[in-house]
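**Q** Please work out how this folds:
(one chain, ligands or ions: 3)
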Amino acid sequence: MKKRISLLGATGSIGIQTLDIIKDHPEEFQLVAFSVGKNMEETRKILKQFPVEAISVLHEEDARLLHKEFPKVQVSFGDEGLVQIAAHTNADILVNAVLGSVGLNPTLEAIKKGITIAIANKETLVTAGHLVMQAAKVHNVPILPVDSEHSALFQALNGEKKSDVSKLVITASGGSFRDRTREQLKHVTVKEALNHPNWSMGSKITIDSATMMNKGLEVIEAHVLFDISYDDIEVLLHRESIIHSMIEFQDTSVIAQLGTPDMRVPIQYALSYPNRLHRPHAKRLNLVEIGKLHFEEMNYTRYHALKLAIDAGKIGGTMTTVLNAANEAAVALFLQEKISFLEIDEFIERAMFKHVKISSPDLETILHVDAETRKTVQNMLK
Ligand SMILES: NC(=O)C1=CN([C@@H]2O[C@H](COP(=O)(O)OP(=O)(O)OC[C@H]3O[C@@H](n4cnc5c(N)ncnc54)[C@H](OP(=O)(O)O)[C@@H]3O)[C@@H](O)[C@H]2O)C=CC1
Ligand SMILES: CC(=O)[C@@H](O)[C@H](O)COP(=O)(O)O
Ligand SMILES: [Mn+2]
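**A** Ligands and ions are numbered 1, 2, ... in the order given. Below is the predicted model:
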C-alpha cells in the first residue's frame with residue numbers, strides 16, 4: 001500500500017525536496033494534498049506533475065484563479081486552508097515543511113485525525129512543543145523528525161533505552177559568519193548572511209544559522225522531541241556538517257549518524273520509517289576524500305542567540321514562544337534591510353526581557369503571546 005502524503009510548504013526548500021522523493025519512489029508514496037504560500041509559478045508546475053485532491057494557498061485571490069484553472073482540485077486559502085491540507089482525511093502522513101509558528105494549529109489538527117507527523121517546521125515545536133507532544137501521546141501519533149540533527153539523534157536512539165543516554169551532542173556548522181568575530185558582524189549584508197557554507201536552504205533558516213539561533217531552536221526541539229534535560233544537551237561546532245549529531249551513552253559509547261549534507265536523506269527516512277529506501281543519484285560519504293573533520297567548543301558570547309535560546313528553554317512556559325516569535329519578526333526585518341544583523345539578537349533579548357512567563361500555556365495563550373511579541377518587535381523599530 002502506498003503511503004498517502006499531505007505536504008505543507010510544497011514550494012519551499014524542504015517541500016521541493018520532499019516532492020523529489022515522492023517522484024523517486026512512485027511505488028511507495030503518493031501526494032494527495034499540499035499547501036503553498038505565494039509562489040504561484042511553482043504551484044502550477046507542481047499541480048501539472050501531481051494529480052492531487054486538494055491544495056491551499058495563502059491569498060484568496062490566488063485560490064480563485066487556481067480553482068478556475070484546475071477545476072478538479074479542491075482549493076482553499078489562508079490559515080483555515082493550512083488546517084484543511086494538514087488534516088486531509090485521506091492522508092497517512094503529514095510532512096510539515098511550512099515556515100514559522102503558523103504551522104502549529106495545522107499540526108495539532110492533523111494529530112487529532114491520527115495522521116503521522118514528519119516535522120521539519122521546528123518553529124512549531126519551539127513555540128508550543130508541549131502541546132504537540134501531549135496531543136501526539138493522547139492520539140497515539142508518531143512525531144518523526146526531519147531536521148537533519150534530530151533525524152540523526154532519532155536514528156542513534158533506535159532500540160536504545162532513554163535511561164542509558166548520558167548526553168545528546170548536536171553539531172553546528174557555524175553558519176555564514178563562522179570565521180568572523182562579533183565585532184566584524186556590525187555591517188554585514190543580507191547577501192553575505194545568506195551564503196551558508198554547507199547547506200542550500202530557505203532564507204529564514206539560513207539567517208538563523210548565521211546568528212546560531214538555528215542551533216538554539218534545535219536545542220529546544222531536541223528537548224521537546226526526546227524529553228532530555230537542557231543540561232544534557234551539548235552543542236559542538238563541526239565545520240563540515242558530516243556528523244549530523246550524536247548520542248553519548250552511560251557506558252561512554254557514542255553513536256553518531258554521518259552522511260554528506262543532503263536533506264533528502266532525513267526527509268526520506270521520515271517518510272519510509274521504519275524502513276530504509278535506496279536514494280538514487282545521492283553522493284555517498286567518502287571519508288578518505290574528506291580527510292579531516294574539525295570540531296571546536298561552542299562560544300556562547302560570540303553566538304549570543306544560542307545563549308538566549310537555551311535561557312528561554314530553561315525558563316520554559318511562554319518564553320520559548322516569545323523567543324521564536326521575536327526571532328521570526330526580527331529575521332524578517334533584517335531580510336527587508338530594516339535592521340542590522342546584530343539587532344536581530346538585540347530585539348529578541350529585549351522582547352524576552354519584557355515578557356513575564358506564563359507556565360503550561362494552552363493554545364489560545366500561545367497564539368496571543370506570539371501575536372503580541374510580533375507587535376512588540378515592530379514597535380522597537382519606531
Ligand atoms: N531548508 C532546510 O534544509 C531545512 C529546513 N528546516 C525547517 O523547515 C521549515 C521550512 O524551511 P525551508 O523549506 O527552508 O523554508 P522556505 O522558505 O524555503 O519555504 C517555506 C514554505 O512555506 C510557505 N510559507 C511561508 N509562509 C507561509 C504562510 N504564512 N502561510 C502558508 N505558507 C507559507 C512558503 O510558500 P511560498 O514560497 O509559496 O510563499 C514555502 O512553501 C522551517 O521551519 C525550517 O526551519 C529544517 C531543517 C532543514
Ligand atoms: C540542514 C539542517 O538541518 C539545518 O538545520 C542545518 O543544521 C543548518 O546548519 P547549521 O545551523 O548547523 O549551520
Ligand atoms: Mn538542522
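**Q** What's the per-residue pLDDT of His281 here?
**A** Predicted confidence (pLDDT) at His281: the value is 87.
**Q** What of Lys382?
**A** The confidence metric pLDDT takes the value 82 at Lys382.
**Q** for the closest residue to ligand 3 within the chain, what are its contacts?
**A** Distance from ligand 3 to each residue of the chain (C-beta to the ion) is smallest for Asp147, at 4.3 Å. The C-beta positions use only the backbone N, C-alpha and C, and glycine is treated the same way. Asp147 sits next to Ile119, Ala120, Lys122, Glu218, Glu221, Pro266 when contact means C-beta atoms under 8 Å, 6 or more residues apart in numbering.
**Q** which among these gets closest to Glu27?
**A** Closest approach to Glu27 among these (C-beta to C-beta): Pro266, at 21.1 Å.
**Q** picking up where we left off before, reformat the contacts of Asp147 as a markdown table; add neighbour count, distance to ligand 3 and secondary structure.
**A** Listed next are the contacts of Asp147 as a markdown table, based on neighbours: other C-beta atoms under 10 Å; distance: C-beta to the ion, whole Å; DSSP: H, G, I helix; E, B strand; the rest coil:
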| residue | neighbour count | distance to ligand 3 | secondary structure |
| --- | --- | --- | --- |
| Ile119 | 24 | 12 | strand |
| Ala120 | 30 | 9 | coil |
| Lys122 | 29 | 8 | helix |
| Glu218 | 28 | 6 | helix |
| Glu221 | 25 | 8 | helix |
| Pro266 | 27 | 9 | helix |
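**Q** Contacting ligand 1 as well, which ones from those residues?
**A** Ala120, Lys122 (C-beta under 6 Å from any ligand atom).
**Q** contacting residues around Lys113?
**A** Taking C-beta under 8 Å, 6+ apart as the test, what Lys113 contacts is Ala87, Thr89.
**Q** Phe341 and Ala193 touch, don't they?
**A** Yes. Between Phe341 and Ala193 there is a contact under C-beta atoms under 8 Å: 6.2 Å.
**Q** Tell me where the stretch 151-300 of the chain has helices.
**A** 190-193, 203-211, 213-226, 264-272, 287-290 (DSSP state H, counting those that start in this stretch).
**Q** Give me the secondary structure label for Ile5.
**A** Following DSSP: H, G, I helix; E, B strand; the rest coil, Ile5 is assigned to strand.
**Q** wait, what's in contact with it?
**A** Thr18, Ile22, Phe29, Gln30, Leu31, Val32, Ala91, Asp92, Ile93, Leu94, Val95, Leu271.
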